[in-house]
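A.B. asks: Task: produce atomic coordinates for the following.
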Amino acid sequence: MDGSQVSQIIEKQVLTVVKAVEDQLDEQIAALDRLDVDDIEALRERRLQQMKKMAEKRNKWISLGHGEYTDVAEKEFFSVVKASERVVCHFYRENWPCKVMDKHLAILAQQHIETRFIKIHAEKSPFLTEKLRVVVLPTLALVKLAKVEDYVVGFNELGGTDDFSTEDLEERLAKSQVIFSEGEASRPKPTAVKRSVRQSEAYSSDSD
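C.D. replies: All right, here's what the predicted structure looks like:
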């Protein structure tokens, strides 16, 4: 097959795609032409109501602490998960793996205002760590409708090292449906945090 034949095939394929796009646009224009004033007003009203409901949701989420990554006491855990439909709770201690997780969660908290992001100091929360069987730190408890539905334990599901990206963690949380695939972003996504030092470690109340 010579160059001219290849060019003809490519040109034909391009024309086919363009024709399909034009047909789709023609259908959309025709649909708009069929709308009368009442139809357009109804669509406008429906859109306004959708925007109003979303604004109300956002205001409620913000009033509950969504959009921020906050440290809460053990006794606050149950009131938090009852108030918010979706909660990501990081059980942590003062070590490097937990600090890596902190950085990613702080970013996601701002990007996914539909979900509450909190952290609880494991050593200061013996009742919760025992009840939820938290052994390895960091551990994320993924809560929906006041029930722990899933866990992210250490970095095993994030590549096994601490150089995973914020997007890797975001994808894992979305898989459990504790965040929406497209978050109610407060700002554009920043560059993912990356650094490689050491992995997560087992929790022990008397370790360093």
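A.B. asks: C-alpha only now, for contacts and for neighbours.
C.D. replies: Noted.
A.B. asks: Next secondary structure after the helix or strand Leu142 falls within?
C.D. replies: Applying DSSP states H and E as the criterion places Leu142 in strand 139-144. Counting by DSSP H and E, the next helix or strand C-terminal to strand 139-144 is strand 147-153.
A.B. asks: contacts for that following strand?
C.D. replies: With contacts defined as C-alpha atoms under 8 Å, 6 or more residues apart in numbering, strand 147-153 is touched by Val81, Val136, Leu137, Pro138, Thr139, Leu140, Ala141, Leu142, Val143, Ser176.
A.B. asks: And the furthest pair within those?
C.D. replies: Val81 and Val136 (21.7 Å; C-alpha to C-alpha).
A.B. asks: between these two, which one's more packed in?
C.D. replies: Per other C-alpha atoms under 10 Å, whichever of Val81 and Val136 has more neighbours is Val81, with 20 against 17.
A.B. asks: Just to check, that one is in contact with Val143?
C.D. replies: Yes. In this structure, Val81 is within contact of Val143 by C-alpha atoms under 8 Å, at 7.0 Å.
A.B. asks: joint contacts of those two?
C.D. replies: In contact with both Val81 and Val143: Val87, using C-alpha under 8 Å, 6+ apart.
A.B. asks: Tell me who's in contact with the residue nearest the centre of the chain.
C.D. replies: Among the residues of the chain, the one closest to the centroid is Ile179, at 4.0 Å (C-alpha atoms, centre = their mean). By C-alpha under 8 Å, 6+ apart, the contact set of Ile179 is Arg86, His112, Glu114, Thr115, Leu173.
A.B. asks: List the ones among those that fall in strands.
C.D. replies: Arg86 (DSSP state E).
A.B. asks: still on that earlier bit, give me phi/psi at the residue nearest to the centre of the chain?
C.D. replies: Note on Ile179: its backbone torsions stand at phi -130, psi 160 [degrees, to the nearest 10].
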